[in-house]
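Q: here is my input, please return the structure:
(one chain, ligands or ions: 1)
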Amino acid sequence: MRLVMLGPPGAGKGTQAKRLAERLGVPHISTGDILRGAAAAGTALGKEARRFMDDGGLVPDPVMVGLVEERLAQADAGRGFILDGFPRTVGQAEALDELLTSRGRPLDAVLQIAVPRDELVRRLAGRRVCGDCGTLVQVAVEHSSANGSCDACGGPLLQRDDDRVETVGRRMEVYDRETEPLVGHYRTKGLLREVVGTGSRDEVFQRITGKLQ
Ligand code: AMP
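A: Here you go, the predicted model:
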């Protein structure tokens, strides 16, 4: 299965994509994770990406398209993939369509996870990631200054720089302007499946698997 997860920051794309990828036995390809890994490793890509990520902007299309093209050429993606965080612009979507069509392996579906804006902002304020194992957790907003430790491995729970309240507004604006038009792009192609992203993680997962049957 070749799938794109679409939705604003905080909609739950990463959490659901990871679980779905395990269920389907295909790689979960998160461009945000790849860029954060490159930034942490201090590579040239990471250094360039950081300039855009830190203030909630987008890394330029040619960089992102090259990165995804390279990742999709790896053997594990031959079985299928779940793309999370890519495409984010119409230019990226067109490049992806072209790449997959040229290989005779177009997308099977695009899942859009919809969550009301006030809930997205609340979720991002309480989102923490384990610095050791990468597990995502949600902390109560009233305690959002307390970081704590990861239940899975005991590692430190950290807030992503771009989840800070100053940056979240900019990321939402960028989503509305650059990424939301992809909903229409994929609807026209007959690929869009819409899922309500509120409720528990299990409920959302059930809805997603229901939509893919
Ligand atoms: P994410 O983890 O998907 O929220 O991505 C974190 C940040 O990485 C974004 O705010 C962008 O700065 C950058 N990024 C991730 N994916 C893309 C993409 N497809 N195009 C441009 N920038 C991206």
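Q: tally of neighbours for residue 61?
A: Close neighbours of residue 61, defined as other C-beta atoms under 10 Å, add up to 17. The way it works is simple: take the backbone N, C-alpha and C, and place the C-beta from them, glycine included.
Q: and the residue lying closest to it once chain neighbours are set aside, how many neighbours does it have?
A: Once flanking residues are discounted, residue 61 sits nearest to residue 91: 4.5 Å by C-beta to C-beta, 6 or more residues apart in numbering. Close neighbours of residue 91, defined as other C-beta under 10 Å, add up to 15.
Q: what helix or strand is residue 91 on?
A: Assigned by DSSP states H and E, residue 91 falls within helix 90-102.
Q: which of the residues in that helix are buried?
A: 92-93, 95-97, 99 (16 or more other C-beta atoms under 10 Å).
Q: cool, stretch 14-25 as well?
A: For stretch 14-25, burial by neighbour count (16+ other C-beta under 10 Å) applies to 14-21, 24.
Q: just the ones in strands from those, please.
A: Among the buried residues of stretch 14-25, no residue falls in strands (DSSP state E).
Q: who's in contact with residue 169?
A: Going by C-beta atoms under 8 Å, 6 or more residues apart in numbering, residue 169 touches residue 56.
Q: closest one to residue 38 out of the buried residues of helix 90-102, please.
A: Checking the buried residues of helix 90-102 against residue 38 by C-beta to C-beta gives residue 92 as the nearest, at 17.7 Å.
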